[in-house]
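In: For reference, the sequence and a predicted model appear below.
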Amino acid sequence: ERSIVLELSTVAFFQEGSADFDEAMVPVLKGIAEKLKVADFMTSNVVVEGHTSDVQISTEQYPTNWEFSAARAARVVRFLAEQGITVTHLEA
């Protein structure tokens, strides 16, 4: 009752097999960042969870789906920080 959950599709959000989000999603993320900068949310904590598909990832950069999903979450957190969200309120 004291939280808001936003669920965004990783299929539309990220490039296949990448932790880089699709450029079409930048306006969506900027919009979320702007909403987080209003007084009601300035002291709120933001937890970003990354997810992958059911397809097993095994690359040099992402040996497991766990590392892959963590990298996706970290990428979104980094973007939100670049938009001016206080880093101490962000968690991947």
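Out: Nice, I can see it. The model shown is predicted, which means the values in this text are computed figures rather than measured ones.
In: all contacts plus neighbour counts: C-alpha atoms, from now on.
Out: Will do.
In: Could you report the distance from the most centrally placed residue in the chain to residue 24?
Out: Nearest residue to the geometric centre of the chain (C-alpha atoms, centre = their mean): residue 76, 3.1 Å. In this view, residue 76 and residue 24 are 14 Å apart by C-alpha to C-alpha, to the nearest Å.
In: Same check on residue 91?
Out: 23 Å.
In: what about the two, which has more around it?
Out: Neighbour count, other C-alpha atoms under 10 Å: between residue 91 and residue 24, residue 91 has more, with 15 against 11.
In: Go ahead and confirm the more buried one touches residue 50.
Out: No: applying C-alpha atoms under 8 Å as the test, residue 91 and residue 50 come out as separate, 11.2 Å apart.
In: low-scoring pLDDT stretches of this protein, where are they?
Out: 1-2, 10-11 (pLDDT under 70).
In: And the biggest helix by length in it, what does it pack against?
Out: Looking across the chain with DSSP state H, the single longest helix is helix 65-82. Using 3 or more C-alpha pairs under 8 Å, 6 or more residues apart in numbering; DSSP states H and E, the elements in contact with helix 65-82 are helix 26-36, strand 90-91.
In: and with 10 Å instead?
Out: helix 26-36, strand 46-47, strand 90-91 (3 or more C-alpha pairs under 10 Å, 6 or more residues apart in numbering; DSSP states H and E).
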